[in-house]
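>>> build the 3D model from these lines:
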Amino acid sequence: MDSARKRFVRALAWLSFLLYLILIVYVMFLSEEFGRTIKGSHFRYNLKLGKEIKRFWYNRDYLGFKASFINIFGNIITFIPFGFILPMLTKKKIYKNIIAVTILAAVFSFTIEITQFHYRIGAFDVDDIALNTLGGFLGCITYHICNTIRVLLKKK
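I've put the predicted structure just below:
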C-alpha cells in the first residue's frame, strides 16, 4: 500500500473511531431506550461474574428476547469495532497485539462501568466488562484475519 493510501486509511480509521466513541458515549450514558437518562437514587452493581448473564438467559422468555439479546450479545457486538479499529490507528506494534488490545478493551469497559456507577446511570456490572472485553478480543481477531487475507491477496 502506498504512503498516500496508508494515510487515507489511517485518517478514515481515526474518523471511524471518533464516531464510534461518540456512539458509545450516547448509548452508555444518554440513550433513553437503554434507560440512561434517569439517574437512580442508589448505586446498582453486580460483582459476581456470570450472575446477570445467567439471569438474562434463564429469564429470556419473561424479560423478552430483545432485552436478553441486548444484554448478552449487545455488549459483545458493541466492542467489536473497538478491537477492529484500534490496530489501524497507529504504526505502533503494541496496538496490533491481540493481548494488548484485549487489555485496552477491558480498561475502556471498566472506565465506562465505573463512570456509570459513579453517576448512577445504569449499573456497574462485571458481566458487562467480561462481554465487552470479549467483543474487543473478537474485533482484534477479525482485524488480523482481514489483514492476513489482504496481504495474501496482494501477493497474488
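>>> now residue 22: which helix or strand?
helix 3-25 (DSSP states H and E).
>>> how about residue 42?
Using DSSP H and E, no helix or strand contains residue 42.
>>> please enumerate the helices of the chain.
3-25, 51-58, 60-63, 65-69, 75-85, 98-119, 126-155 (DSSP state H).
>>> please identify the most buried of those helices.
Among these, helix 75-85 has the highest mean neighbour count (mean count of other Cβ atoms under 10 Å), at a mean of 22. For every residue, glycine as well, the C-beta is placed using N, CA and C.
>>> other SSEs contacting it?
Judged by 3 or more Cβ pairs under 8 Å, 6 or more residues apart in numbering; DSSP states H and E, the packing partners of helix 75-85 are helix 3-25, helix 98-119, helix 126-155.
>>> center of this structure - which residue?
Residue closest to the average C-alpha location in the chain (Cα atoms, centre = their mean): residue 79, at 1.7 Å.
>>> wouldn't that residue be in contact with residue 105 here?
Yes: contact criterion Cβ atoms under 8 Å: residue 79 and residue 105 qualify, at 5.6 Å.
>>> joint contacts of these two?
132, 133, 135, 136, 139 (Cβ atoms under 8 Å, 6 or more residues apart in numbering).
>>> of those residues, closest to residue 62?
residue 132 (24.9 Å; Cβ to Cβ).
>>> wait, the closest one touches residue 107, no?
No: in this structure, residue 132 is not within contact of residue 107 by Cβ under 8 Å, at 10.4 Å.
>>> low-confidence ranges in the protein?
1, 33-41 (pLDDT under 70).
>>> most distant residue from the centre of it?
residue 156 (34.3 Å).
>>> of all the helices and strands packed on helix 75-85, which lies closest to residue 63?
Comparing these by Cβ to Cβ, helix 126-155 comes nearest, at 14.6 Å.
>>> what is the neighbour count of residue 122?
Other residues within reach of residue 122, judged by other Cβ atoms under 10 Å, total 21.
>>> what's the closest non-adjacent residue to it?
residue 116 (4.2 Å; Cβ to Cβ, 6 or more residues apart in numbering).
>>> wait, which of the helices of the chain is closest to residue 91?
Across those, closest to residue 91 is helix 3-25 (Cβ to Cβ), at 8.5 Å.
>>> what is the closest one packed up against?
helix 75-85.
>>> give me the angle between the helix it packs on and helix 51-58.
120 degrees (axes from the mean of the first three to the mean of the last three Cα atoms, to 10 degrees).
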